[in-house]
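*Asks:* Have a look at this fold, sequence not included:
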């Protein structure tokens, strides 16, 4: 496992310490969780941006809702 050092302001550290104390967990647990959640969000954002770029360049096909309904045999 790797170790990362980060500087955070005193207010944020106090909030982190209070959270950790309130549920009897280490601060590193919450730092790790926060990073995991943020990484997942960032991955989604960058993937979506890449797809939007492909759509704008005409390299990605899009479908209307009606086309999707027909393809999935959901049309009324």
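*Replies:* Great, that's in hand. What you are looking at is a predicted structure, and each value in this text was computed from that prediction instead of being measured.
*Asks:* Would you map the helices across this structure?
*Replies:* With helices called from DSSP state H, the chain shows them at 10-22, 27-56, 65-71.
*Asks:* where does the chain have its least confident helix or strand?
*Replies:* helix 65-71 (a mean of 94; mean pLDDT, DSSP states H and E).
*Asks:* List of residues touching that one?
*Replies:* With contact meaning C-beta atoms under 8 Å, 6 or more residues apart in numbering, helix 65-71 is reached by 63, 74, 75, 76. (Glycine included, C-beta is placed from N, CA and C.)
*Asks:* Mind doing that once more with 10 Å?
*Replies:* 63, 64, 74, 75, 76 (C-beta atoms under 10 Å, 6 or more residues apart in numbering).
*Asks:* Who are the contact partners of the first one?
*Replies:* Going back to what we said before, that points to residue 63. Neighbours of residue 63 in contact, by C-beta under 10 Å, 6+ apart: 69, 70, 71.
*Asks:* The second one now?
*Replies:* Contacts of residue 64 were listed using C-beta under 10 Å, 6+ apart, and they are residue 70.
*Asks:* same thing with the one 10 residues further on?
*Replies:* For residue 74, the contact set (C-beta under 10 Å, 6+ apart) comprises 65, 66, 68.
*Asks:* List the contacts of stretch 33-43.
*Replies:* 4, 6, 16, 25.
*Asks:* among those, which ones are buried?
*Replies:* Buried by 16 or more other C-beta atoms under 10 Å: residue 16, out of the contacts of stretch 33-43.
*Asks:* could I get the contacts of stretch 33-43 as CSV with pLDDT and distance to residue 49?
*Replies:* Output for the contacts of stretch 33-43, formatted as CSV (pLDDT from 0 to 100; distance: C-beta to C-beta, whole Å):
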residue, pLDDT, distance to residue 49
4, 92, 26
6, 93, 25
16, 97, 30
25, 98, 34
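*Asks:* Looking at the contacts of stretch 33-43, which one is closest to residue 59?
*Replies:* residue 4 (36.2 Å; C-beta to C-beta).
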